[in-house]
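Asker: Any chance you could fold what I've pasted below:
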Amino acid sequence: MKPYVIGIDMGGTNTVFGIVDARGAVIASSSIKTAKHSNFDDYVDELYTEITKLIKENGAEDKVHGIGIGAPNANYYTGEISDGVNLPWPSPIPLVQKIQDKFGIPVAATNDANAAAIGEMTYGVARGLKDFIMITLGTGVGSGIVINGQVVYGHDGFAGELGHVTMKRNNGRLCGCGRTGCLEAYCSATGVARTAREFLEIRNEDSLLRNLDIESITSKDVYDAATAGDKLAKDVFEYTGNILGEALADFTVFSSPEAFVLFGGLAKSGELLMRPLRESMNRNMMSIFKGKPKLLLSDLKEADAAILGASALGWEAKMPATAAPEA
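Answerer: Numbering: from 1, shown residues only. Have a look, this model is predicted:
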């Protein structure tokens, strides 16, 4: 087998890519601006130019087995992006077809949370696990469900949107998906900032957060205040961990995972988040599952995690018999 794959993580602002070997070492990486291209073909052209340059600089010509892509709302079955969040091109975007035609190399794609799950299973803390659920705690809440060693895609490729499970049936927060009360509206980085703003408005106590512009407060601000001993900020993490623990207890009933793997900025909040999360998860867990699912924190380097997650798909990518590279 050829010794390398290319991992591409497509975001609304930047696209990061790298050459990865079978041990999960990122040999080299670079990036381009996603949003500057109003035309998708122009984006593919620049991606081809920059990746080809990276391959040549690292002596990897004819050594790349495949390309894996993680992208918002990318469908593993169709290779298309539907309603891509913050992407500048009209849907559906024929992602796999266009890149495969351009490079003449097998390409596979999935959404970014599923890519993260595959990355953890291939290179990270989920190696050797066949049943686990990946939870990404970033701007939103993403998830990838692995059962018997296989990512669950569902009949249409969109399974695993656990960030949009309803946690508050009545008077829940409006979520970016258009529904109300979603887990994402409470347990994402933006959800933590929303909770802080709500607490500041309804509670009269002093807080370091009152020194900041309330509309500009971020989850990092809340974390910094909490580590400085601020009670209101610590209560925000208590509230967040409690809701996330309830959700993980419910998810356990669905697939009985051996572990939950947590990734993203919020997952690095340490015991501020993990203590209330563990306590809530145990308190809400159905008795036959108590004490069984482990809580694991991703150990993939944040700078490499997106590339690694995407690259793991590259090993399983296959070229259709009819595909041929463009000139």
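Asker: Thr227 contacts Leu272, correct?
Answerer: Yes - counting by CB atoms under 8 Å, Thr227 does reach Leu272; the two are 7.3 Å apart. In this view, the C-beta of every residue, glycine as well, is placed from N, C-alpha and C.
Asker: These two: which has the busier surroundings?
Answerer: Leu272 (21 against 13; other CB atoms under 10 Å).
Asker: I'd guess the more buried one is in a helix, am I close?
Answerer: Yes - counting by DSSP: H, G, I helix; E, B strand; the rest coil, one finds Leu272 located in a helix.
Asker: tell me the pLDDT at it?
Answerer: Reported pLDDT at Leu272 in the predicted model: 97.
Asker: Would you mind listing where the stretch 51-200 of the chain has pLDDT under the threshold?
Answerer: 85 (pLDDT under 70).
Asker: pretty sure Met286 contacts Asp250?
Answerer: No - judged on CB under 8 Å, Met286 makes no contact with Asp250 at a distance of 9.2 Å.
Asker: who has more neighbours, the two?
Answerer: Between Met286 and Asp250, Asp250 has the larger neighbour count (other CB under 10 Å), namely 17 against 10.
Asker: From Ile243, how far off is the more buried one?
Answerer: In this view, Asp250 and Ile243 are 11 Å apart by CB to CB, to the nearest Å.
Asker: SS state for Val261?
Answerer: Per three-state DSSP, Val261 ends up strand.
Asker: Quick check: bridge partners of it?
Answerer: Taking DSSP bridges as the rule, Val261 bridges to Met134, Leu296.
Asker: Spatially, what comes nearest to Gly265 if we skip its sequence neighbours?
Answerer: Closest residue to Gly265 apart from its sequence neighbours, by CB to CB, 6 or more residues apart in numbering: Ala189 at 5.8 Å.
Asker: Can you name the residues that contact the one you found?
Answerer: 137-139, 218-219, 264-266 (CB atoms under 8 Å, 6 or more residues apart in numbering).
Asker: contacting residues for Ile27?
Answerer: Contacts of Ile27 (CB under 8 Å, 6+ apart): 4, 18-21, 58, 60.
Asker: can you do 7 Å?
Answerer: If you count contacts by CB atoms under 7 Å, 6 or more residues apart in numbering, Ile27 has them with 4, 19-21, 58.
Asker: Ok, His37 next?
Answerer: Contacts of His37 by CB under 7 Å, 6+ apart are 43, 46, 88.
Asker: Same question for Phe289.
Answerer: 252, 256.
Asker: So that it lines up with my notes, have the first residue be 13 from now on.
Answerer: Let's use 13 as the start, then, which means that last one is Phe301.
Asker: Can you pull up the most central residue in the chain?
Answerer: The residue lying closest to the centre of the chain (CA atoms, centre = their mean) is Ala125, at 3.5 Å.
Asker: Quickly find the element holding it.
Answerer: Under the criterion of DSSP states H and E, Ala125 resides in helix 124-135.
Asker: And the helices in the stretch 213-339 of the chain, which stretches?
Answerer: For the stretch 213-339 of the chain, the helices defined by DSSP state H, counting those that start in this stretch occupy 231-239, 243-267, 283-296, 314-326.
Asker: Remind me what the first one packs against, helices and strands.
Answerer: Which is helix 231-239. helix 201-214, helix 243-267 (3 or more CB pairs under 7 Å, 6 or more residues apart in numbering; DSSP states H and E).
Asker: How about residues contacting the longest one?
Answerer: Yep, that's helix 243-267 we're talking about. 143, 145, 157, 159, 174, 177, 179, 195, 198-199, 204, 207-208, 211, 215, 217, 219-221, 234, 237-238, 272, 281, 284-285, 287-293, 296-298, 301, 305.
Asker: Any chance of the backbone angles for the residue of the chain most remote from its centre?
Answerer: The C-alpha centroid of the chain is most remote from Asn216, which lies 36.2 Å away (CA atoms, centre = their mean). Dihedral angles of Asn216 (phi, psi; degrees, to the nearest 10) stand at phi -100, psi -10.
Asker: In contact with it, which residues are there?
Answerer: Contacts of Asn216 by CB under 7 Å, 6+ apart: none found.
Asker: And Ile147, by the same measure?
Answerer: Contacts of Ile147 by CB under 7 Å, 6+ apart are 153, 155, 272, 274.
Asker: which of those tops the neighbour count?
Answerer: The most crowded member of the contacts of Ile147, judged by other CB under 10 Å, is Val153 (29 neighbours).
Asker: For the contacts of Ile147, could you give me TSV that also reports distance to Lys65?
Answerer: Below are these laid out as TSV (distance: CB to CB, whole Å):
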residue	distance to Lys65
Val153	36
Ser155	35
Phe272	39
Leu274	36
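Asker: Report how many residues lie close to Lys114.
Answerer: 18.
Asker: what's the helix or strand hosting it packed up against?
Answerer: Here Lys114 sits within helix 107-115, counting by DSSP H and E. Packed against helix 107-115 by the contact rule (3+ CB pairs under 7 Å, 6+ apart) you find helix 52-69, strand 76-82, strand 119-122.
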